[in-house]
Every structure is written in structure tokens, then in C-alpha cells.
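Asks: could you work out the structure for the sequence below:
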Amino acid sequence: MAESIILKQRLRTRGLVAILMVVAVVIVNVAVVLPSASASVPLVGTIVGYGVVLLLLVIIAMFALVEVVVTERSDGPALEVRYGPRGIIRQVFVHSRISAAQAKSMGFMEMGGWGYRGSLKVLGRAALATRRGDALVLQIDQKKVFIVTVDNPVSFVTALGF
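Replies: This is a model prediction of the structure:
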């Protein structure tokens, strides 16, 4: 059975992308433009500078398009967070690993700040915060917590069967 989409929402990431663009401009000036004005910069330094800029542009592209999707799979509903065009990078939370799901209004401090914060593997807690306010809070494997800011998180809780 192929998976079908139950619920899909594109996150509002304009503010996050704007901040990343400002950071990119600063890094371009510090890592590439200013050093290249000096003739004493080695080739390796220039290559590293451009590599950092390229990496930052890839990160900006990934955060420019983020979708949160509930799909129906053969083993039940699953939550997917898709980053970048065509969801090139995905986080998948299958229903059998989700212990609980709830809607909660949260501030930035509760989520750890703006952007992707934490690590499920290392810290047992992660959040994808693109704004403050309504969020979907998942308890994974009874002990880990994943938070993502979405409009109408109650609809995601219902779509996941909680």
C-alpha cells in the first residue's frame, strides 16, 4: 500500500530565512570579500571561505521550504518533517514510536530558541521552532520529546490518532 497524505502544512519560515540571509551576508564579507582584498591570503583560505558560504546557502535553501505532513502508511499514520525542495531531507516519526501527541502554546524559551534546536539522539529533546505559539508536542519512545510549531496543532493530533 502506498502512503497517502492526510494533512500537510508548509511552515512559515520567512523570518528564519531572513535572519540566515543576514548571517550569510556577514560571513561572505568576513570570510570571502575582506580576505580576498588582501593579496596575502592563501588559496586554501579562499576555498574554505567559499565552502562556508556554499554550505550556508544550502542550509538557507533547506529552511526556505519546510513542510509538516501526516501520512497514512501500512503500519498506521506517521508524522514527517520535510526539509528543502521535494523533501530531500526528512524526519519520520511512525505511529508505533509515538507515545503521545498534544497541542500546546509555547514561547521561544520553552522550545530553546528559533530554528532547529536540540537532538533526539543525544539530548532526547528537539524542537523546530519557526515562531512562538501553537505547537505540536510528540512524546517519542516514552522518553524523547519532539516539538514543531504548526498552525492548528489539534488537527495534527487528531490525524495522528491521539
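Asks: what segments of this protein are strands?
Replies: 4-10, 66-73, 76-83, 89-94, 98-106, 115-119, 125-129, 133-140, 144-149 (DSSP state E).
Asks: quick one: closest of these to residue 23.
Replies: Residue 23 sits nearest to strand 115-119 of all the strands of the chain, at 11.0 Å, using CB to CB. For every residue, glycine as well, the C-beta is placed using N, CA and C.
Asks: re earlier: any chance of the strands of the chain in CSV, with mean pLDDT too?
Replies: Below are those laid out as CSV (pLDDT from 0 to 100):
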stretch, mean pLDDT
strand 4-10, 93
strand 66-73, 95
strand 76-83, 95
strand 89-94, 94
strand 98-106, 97
strand 115-119, 89
strand 125-129, 94
strand 133-140, 96
strand 144-149, 96
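Asks: any chance of these in CSV, with mean neighbour count and distance to residue 18 too?
Replies: Shown next, in CSV, are the strands of the chain (neighbours: other CB atoms under 10 Å; distance: least, CB to CB, whole Å):
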stretch, mean neighbour count, distance to residue 18
strand 4-10, 14, 17
strand 66-73, 20, 15
strand 76-83, 20, 18
strand 89-94, 15, 21
strand 98-106, 15, 22
strand 115-119, 16, 12
strand 125-129, 22, 15
strand 133-140, 20, 18
strand 144-149, 21, 17
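Asks: for residue 44, find the nearest of those strands.
Replies: For residue 44, the closest of those is strand 89-94, at 29.2 Å, according to CB to CB.
Asks: which residues touch that closest one?
Replies: 62, 73, 75-76, 78-83, 138, 140, 146 (CB atoms under 8 Å, 6 or more residues apart in numbering).
Asks: tell me the strands beside that strand, with direction?
Replies: Using DSSP bridges, strand 89-94 pairs in its sheet with strand 76-83 (antiparallel).
Asks: please save the CA atoms from the partner strand in CSV.
Replies: In CSV, the C-alpha atoms belonging to strand 76-83 read as follows (Å, rounded to 0.1, in the frame of the first residue of the first chain):
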residue,chain,number,x,y,z
GLY,A,76,-0.6,3.5,10.7
PRO,A,77,-0.2,7.3,10.5
ALA,A,78,3.2,8.9,10.6
LEU,A,79,4.4,12.4,11.0
GLU,A,80,7.0,13.6,8.5
VAL,A,81,9.0,16.9,8.6
ARG,A,82,10.3,17.5,5.1
TYR,A,83,13.1,20.0,4.5
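Asks: chain center to that strand: distance?
Replies: Distance of strand 76-83 from the chain centroid (CA atoms, centre = their mean, to the nearest Å) equals 13 Å.
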